[in-house]
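[1] task: produce atomic coordinates for the following.
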Amino acid sequence: MPVVLLPHPPNGNIYIRELGRAYAALGWTPIYGAENLLEGNLRPDLLHLHWPEEFYRWRGEGSLTARAEHFLMRLHALRETGVRMIWTVHNLAPHDVADASVDAQVYRAVIDSVDAIHHHCNCSIQALADRYAIPAALPRFVRPHGHYFSYPNDVGREAARCELGIPLDARVFLQFGQIRGYKGLGLLLKAFDGLELPRKFLLVAGLYNPPTGPGAWRERARLAWRKRTDKRLLVHGRAIDSDRIQVYMNAADCVVLSHTAGLNSGVAVLGMSFGRSVIGPRLGCIGETLGEENNFTYPAGDVAALKDAMLAAAQSPNLPARGESNRRICESWQWTAIAAAALDAAELSG
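    Okay, the predicted model is just below:
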């Protein structure tokens, strides 16, 4: 069987596991792990990259520049042996990085190395082209982010709220996923505070990455104080196990994203997969993924607009129906569609 190398951990981001299973369904053997790329452990038939920064920012020895150079050397070595390469664009640059000069060089080199680029939405094509020089002859294709139906989903709304200690009659907004600077938790808290809605409740769940830098201690202290004193706020600032995601999703009336930067959001697709309506910014692929029929979008970074979107969602008479429509839409977002399109673009589908 032909081999596809997905040089990322399958147990870190479920995206990689699901895509690997899709390749397997098409008759390919998926191999995982950054070490198989960085150490040159095998020569695959296809290399499918996702987050370039993983190979020099998240691991390795030596300086950042040395690690980046080693990663690009391994790409060049595989390229020289005729390995076909695909890159899925998740970000235009790593999140929350003060100096992205090395990343810009790496991203440009990745673009020059791959045989095709996969985007999750149409606006991603232009966003990447606005930032980097894209060869005119380089194939590009669009396939939506795959659904998240593989997560367990058998805990009902009442049981989920009882477990979390949330009143059954509360209007619950959920922010889910890693709590990082660009996710805009401060923006969301301001919008929530200004929201005039009886029985409002904000649930925040995900690994907390505390802010750093001058004055960051004040933000950490404010959040710690609110966690202890605000009965309308519940923060679980830790990684959520995969079998527990359903508890948070099913306790919520809707999912809210408050990103101030970024291109894609797996949480938007996660909320839709769980049959929830999603509030999100018109930012990159997020707005294009959500659309306006079942979800509520607003200009990124606008506190008043976010507050209005939250109020519109809470007052919507058909919010559950919107969420169910989202779930049906996700049924067409198949992982095998991404794998099949990647093989076609790499001229390996024969």
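
[2] tell me where this protein has strands.
    Assigned by DSSP state E, the chain shows strands spanning 3-6, 29-32, 46-49, 84-88, 116-119, 140-142, 171-176, 200-205, 233-236, 254-256, 277-281, 296-298.

[3] which helices and strands sit right next to the fourth one?
    Contacts defined by 3 or more Cβ pairs under 8 Å, 6 or more residues apart in numbering; DSSP states H and E place strand 84-88 against strand 46-49, helix 64-80, helix 101-113, strand 116-119, helix 335-345. In this view, the C-beta of every residue, glycine as well, is placed from N, C-alpha and C.

[4] pairing partners for that strand, with directions?
    strand 46-49 (parallel), strand 116-119 (parallel) (DSSP bridges).

[5] with the last one instead?
    Applying DSSP bridges to the sheet, strand 296-298 is found paired with strand 277-281 (parallel).

[6] so for Ala98, what's the pLDDT?
    Confidence at Ala98, expressed as pLDDT, is 69.

[7] list the buried residues for stretch 278-294?
    Buried residues in stretch 278-294, counting neighbours by 16 or more other Cβ atoms under 10 Å, are found at 278-290, 294.

[8] any chance of those in JSON lines, plus distance to Leu270 and pLDDT?
    Shown next, in JSON lines, are the buried residues of stretch 278-294 (distance: Cβ to Cβ, whole Å; pLDDT from 0 to 100):
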{"residue": "Val278", "distance to Leu270": "9", "pLDDT": "98"}
{"residue": "Ile279", "distance to Leu270": "14", "pLDDT": "98"}
{"residue": "Gly280", "distance to Leu270": "12", "pLDDT": "98"}
{"residue": "Pro281", "distance to Leu270": "16", "pLDDT": "98"}
{"residue": "Arg282", "distance to Leu270": "19", "pLDDT": "97"}
{"residue": "Leu283", "distance to Leu270": "17", "pLDDT": "96"}
{"residue": "Gly284", "distance to Leu270": "17", "pLDDT": "95"}
{"residue": "Cys285", "distance to Leu270": "14", "pLDDT": "97"}
{"residue": "Ile286", "distance to Leu270": "12", "pLDDT": "97"}
{"residue": "Gly287", "distance to Leu270": "17", "pLDDT": "96"}
{"residue": "Glu288", "distance to Leu270": "17", "pLDDT": "96"}
{"residue": "Thr289", "distance to Leu270": "11", "pLDDT": "97"}
{"residue": "Leu290", "distance to Leu270": "12", "pLDDT": "97"}
{"residue": "Asn294", "distance to Leu270": "15", "pLDDT": "97"}
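
[9] give the bridge partners for Val235, please.
    Applying DSSP bridges, one finds that Val235 bridges with Val204.

[10] relative to Glu324, how far out is it?
    Counting by Cβ to Cβ, to the nearest Å, the gap from Val235 to Glu324 is 28 Å.

[11] of the two, who's got more company?
    Val235 (19 against 15; other Cβ atoms under 10 Å).

[12] ok, the more buried one to Ala314 distance?
    When distance is defined by Cβ to Cβ, Val235 is 20 Å away from Ala314.

[13] and for Arg180?
    Applying Cβ to Cβ to Arg180 and Ala314 gives a distance of 26 Å.

[14] I'd like the average pLDDT over stretch 150-166.
    Mean pLDDT, stretch 150-166: 97.

[15] all helices for this protein, in order.
    For the chain, helices defined by DSSP state H occupy the ranges 14-25, 35-38, 64-80, 101-113, 122-131, 157-164, 185-194, 216-229, 245-251, 266-273, 285-290, 303-315, 319-330, 335-345.

[16] packing partners for the fifth one?
    Applying 3+ Cβ pairs under 8 Å, 6+ apart, one finds that helix 122-131 makes contact with strand 116-119, strand 140-142, helix 285-290.

[17] now these as CSV including distance to Asp130?
    Listed next are the helices and strands packed on helix 122-131 as CSV, based on distance: least, Cβ to Cβ, whole Å:
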stretch, distance to Asp130
strand 116-119, 13
strand 140-142, 14
helix 285-290, 14
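
[18] let me know which of these is the nearest to Ala129.
    Among the helices and strands packed on helix 122-131, strand 140-142 comes nearest to Ala129, with 9.2 Å by Cβ to Cβ.

[19] centre of the chain to that closest one, how far?
    In terms of Cα atoms, centre = their mean, to the nearest Å, the centre of strand 140-142 is set 18 Å apart from its chain centre.

[20] paired strands for that strand, with orientation please.
    strand 116-119 (parallel).

[21] residues touching the partner strand, excluding its own?
    86-89, 111, 125, 128, 134, 138-143, 285, 338, 341-342, 345-346 (Cβ atoms under 8 Å, 6 or more residues apart in numbering).

[22] what do you get for stretch 318-334?
    Stretch 318-334 is contacted by residues 22, 144-149, 253-254, 269, 271-278, 293-295, 313, 316 when judged by Cβ under 8 Å, 6+ apart.
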